[in-house]
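In: Build the 3D model from these lines:
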Amino acid sequence: MAKLESYRWAVIVILSVMLLGCDALAAPTLPDVPTPMATAVPFSIESSRELVVDPVSDVLPSLDPAIMALVDSVSQQQLMGYVQQMQGFGTRNAFSTTEEQNFGIGATRRWLFNEFERVGNGRLQVRFDDFPMTHNGFSAAQRNVIASLPGLSDSPEVIVITAHYDNRPPDVTDGETLAPGANDNGSGIALLIETARLLSAYEWNHTIIFAAVSAEEQGTYGSRFLVQQLFLAGTPVMAAINYDSVGGRAGIPQNVRLFAAELLQSPSGQLGRYYEYIGGLYLPTFPVKVIDALDREGRYGDQREFVKVGVGAIRIIESEEDPDLVNSKLDTWDRIDYEYLQQVTQLNVAVVANMAGSPVHPQPPIIDAAISGQFHLQWLVDEAAAGYVVAFRPIEQPTLPVFRLVKAPQAGNVMFTGLDADQIYTVSMAAIGENGRVSYFSPEILIDPGLVSTSN
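Out: All right, here's what the predicted structure looks like:
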């Protein structure tokens, strides 16, 4: 009996210790945390602006005289001289000599560096970007030539214009055979330098990068390295435009082809539409033919490296190619149509000057469906914008639609009516400057009026 009583007391003691242990392991009482004071205004602040329904605006996209003067200043003589210079290096194959003063890829890139510095008006920041390249068992050190024109705004986004400066004879690793490469791609390099010469005369809001890239012929090695460097540096790319074989020839159609992958729903498609719109505004007699493809069938260009990482990128190329001239000794400077090349260069100047010289493009608006066929848009208004264009693009339409226009004083809290209740749209918007320049568009937002319910 004494043993049983001792056992009971032992059990009581053990249970007491366990209960005390559970108390010890319980979470401590948390102190009261005061509610923080608001220090940031929510995005919906624009709702404090008076709601405007279907505004009417006289602020329109228009020709800016300063940009038009740059367009008119594109020189056929300069372009011809650049193409002749490129052909004069004998070959620019990625495996050609780097030691000779006037022959091979080494002489080419040194001349490009010096020429960018010469035409840059003290504003261009020029550098070599070195990278290794191995192809078909052969290795050679490569260099991109990068000229940056710093922008004035706080926006980190950059505009990239590319053209490859290397070329090749039929054998892609042959660094000795003469290869003039006037159209492919002396013409693209000529456009690049002439654009840099003209745009460097002014300051722009956004940074512009002029990139003469190497080893395109072996598989876009130079542009791949450029993209890697941009992303490693955390530099967002607004748009990338690649020019390759843009010299034209006598008798070909007077337009230019633009290749944009997944045209209807992609950043590249949006860039293609912007390029076509600005081109039509400044050079209405030299149309842009937009093609829904990354490039020609079975072919490639440097734009593909940007597209691979989700950047909007397009290729510009002459309206018709002559297969007998591709990678041939016949691709000489005297076969190029310099009036044609001048017009392609004018397109580039107009597009890039608008993109770089306008107010910073808007962020996507907040969109709310009021009733079917009506949409309420809210966005932050930039004090540098004189107005905005809003694009409700039917999803199957490859071109920009007729714009809805909004003056800056009425912007930020707008109701648009009269939209097709059964139509799927993408919505984007751009800012208009006091000079009529049109910014790049905000990323497109997909909306389906037929799937939204009535809301208050």
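
In: The nearest residue to residue 282 once chain neighbours are set aside: which element?
Out: The shortest distance from residue 282 to any non-neighbouring residue, by CB to CB, 6 or more residues apart in numbering, is to residue 350 (3.8 Å). The way it works is simple: take the backbone N, C-alpha and C, and place the C-beta from them, glycine included. Element membership for residue 350, per DSSP states H and E: helix 338-357.

In: Quick check: buried residues in that helix?
Out: Buried residues in helix 338-357, counted by 16 or more other CB atoms under 10 Å: 338, 340-357.

In: thinking again about what came up before, how near is the residue nearest to residue 282 to residue 278?
Out: Using CB to CB, to the nearest Å, residue 350 is found at 6 Å from residue 278.

In: Test my guess that residue 338 contacts residue 80.
Out: Yes - counting by CB atoms under 8 Å, residue 338 touches residue 80, with 5.3 Å between them.

In: on that earlier part again, could I get the average pLDDT for the helix holding residue 350?
Out: In this model, helix 338-357 has a mean pLDDT of 99.

In: Use 111 as the first number for this chain going forward.
Out: All set: I'll call the first residue 111, so the last point we hit is now helix 448-467.

In: Pick out the least confidently modelled helix or strand of the chain, by mean pLDDT.
Out: The weakest-scoring helix or strand in the chain, judged by mean pLDDT, DSSP states H and E, is helix 112-135 (a mean of 41).

In: same for the following helix or strand past that one, what does it pack against?
Out: As assigned by DSSP H and E, the chain's next helix or strand after helix 112-135 is strand 162-163. Secondary-structure packing of strand 162-163 (3 or more CB pairs under 8 Å, 6 or more residues apart in numbering; DSSP states H and E): strand 523-526.

In: May I have the strand it packs on as PDB, with CA atoms only?
Out: Output of strand 523-526 as PDB, limited to C-alpha atoms (Å, rounded to 0.1, in the frame of the first residue of the first chain):
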ATOM      1  CA  ASN A 523      -9.100  59.600 -64.700                       C
ATOM      2  CA  VAL A 524     -11.000  59.000 -67.900                       C
ATOM      3  CA  MET A 525     -14.000  57.000 -69.000                       C
ATOM      4  CA  PHE A 526     -14.100  55.700 -72.700                       C
END
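
In: got the contact list for it?
Out: Here strand 523-526 makes contact (CB atoms under 8 Å, 6 or more residues apart in numbering) with 156-165, 480, 484-488, 500, 502, 514, 516.

In: If any of the residues you listed are buried, give me the ChimeraX selection for them.
Out: The ChimeraX command for the buried members of the contacts of strand 523-526 (criterion: 16+ other CB under 10 Å) is given here:
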select :156,162,165,480,484,485,486,487,488,500,502,514,516
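
In: can you count the residues close to residue 394?
Out: By other CB atoms under 10 Å, 8 other residues sit near residue 394.

In: Would you agree it falls within a helix?
Out: No - going by DSSP: H, G, I helix; E, B strand; the rest coil, the assignment for residue 394 is coil, not a helix.

In: What's the per-residue pLDDT of it here?
Out: Looking at residue 394, the pLDDT reads 98.

In: which parts of the helix or strand in which residue 252 is found are buried?
Out: Assigning secondary structure by DSSP H and E places residue 252 in strand 248-259. Residues of strand 248-259 classed as buried by neighbour count (16+ other CB under 10 Å): 250, 252, 253, 254, 255, 256, 257, 258, 259.

In: That one relative to helix 448-467, how many degrees between them?
Out: For strand 248-259 against helix 448-467, the angle by axes from the mean of the first three to the mean of the last three CA atoms, to 10 degrees is 60 degrees.

In: same question for strand 248-259, mean pLDDT?
Out: 98.

In: same check, this time on stretch 294-307
Out: 99.

In: so can I have TSV of the buried residues of strand 248-259 showing distance to residue 492?
Out: Formatted as TSV, these follow (distance: CB to CB, whole Å):
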residue	distance to residue 492
250	47
252	41
253	39
254	34
255	34
256	30
257	28
258	24
259	22
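
In: Spell out the residue ranges of the helices in the protein.
Out: With helices called from DSSP state H, the chain shows them at 112-135, 175-182, 186-197, 214-229, 298-309, 331-342, 377-392, 413-418, 448-467.

In: Now tabulate the ones you listed in TSV and tack on distance to residue 368.
Out: Below are those laid out as TSV (distance: least, CB to CB, whole Å):
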stretch	distance to residue 368
helix 112-135	69
helix 175-182	18
helix 186-197	20
helix 214-229	25
helix 298-309	14
helix 331-342	18
helix 377-392	5
helix 413-418	10
helix 448-467	10
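
In: between these, which gets nearest to residue 495?
Out: helix 448-467 (13.1 Å; CB to CB).

In: Direction-wise, compare that closest one with helix 298-309 and give the angle.
Out: Using the same axes, to 10 degrees: helix 448-467 against helix 298-309 is 50 degrees.

In: by how many degrees do helix 448-467 and helix 186-197 diverge?
Out: Going by the same axes, to 10 degrees, helix 448-467 makes 100 degrees with helix 186-197.

In: rewinding a little: to residue 353, which of the helices of the chain lies closest?
Out: Comparing the helices of the chain by CB to CB, helix 298-309 comes nearest, at 4.0 Å.

In: Show me what the closest one is packed against.
Out: Right, helix 298-309 is packed against helix 186-197, helix 214-229, strand 248-259, strand 268-274, strand 317-323, strand 347-353, helix 448-467 by 3+ CB pairs under 8 Å, 6+ apart.

In: let's see 6 Å
Out: helix 186-197, helix 214-229, strand 268-274, helix 448-467 (3 or more CB pairs under 6 Å, 6 or more residues apart in numbering; DSSP states H and E).

In: what's the angle between the second one and strand 317-323?
Out: For helix 214-229 and strand 317-323, the angle between their directions (the same axes, to 10 degrees) works out to 160 degrees.

In: and helix 214-229, which residues are buried?
Out: 214, 215, 216, 217, 218, 219, 221, 222, 223, 225, 226, 229.

In: Thought residue 199 was touching the fourth one, still the case?
Out: Read that as residue 217. Yes - counting by CB atoms under 6 Å, residue 217 does reach residue 199; the two are 5.5 Å apart.

In: Beta-bridge partners for the spatially most central residue of the chain, please?
Out: The geometric centre of the chain, computed from its C-alpha atoms, lies nearest to residue 349 (CA atoms, centre = their mean), at 0.6 Å. Bridge pairing for residue 349 (DSSP bridges) gives the partners residue 269.

In: Surely it and residue 381 touch.
Out: Yes - at 5.0 Å, residue 349 counts as touching residue 381 under the criterion of CB under 6 Å.

In: can you list the weak-confidence ranges in this structure?
Out: Counting by pLDDT under 70, the chain shows low-confidence ranges at 111-158, 480, 559-566.

In: Now do residue 226 against residue 159, distance only.
Out: Distance from residue 226 to residue 159, by CB to CB: 46 Å.

In: Without its sequence neighbours, what residue ends up closest to residue 321?
Out: The spatial neighbour of residue 321 that comes closest, neighbours along the chain excluded (CB to CB, 6+ apart), is residue 272 at 4.7 Å.
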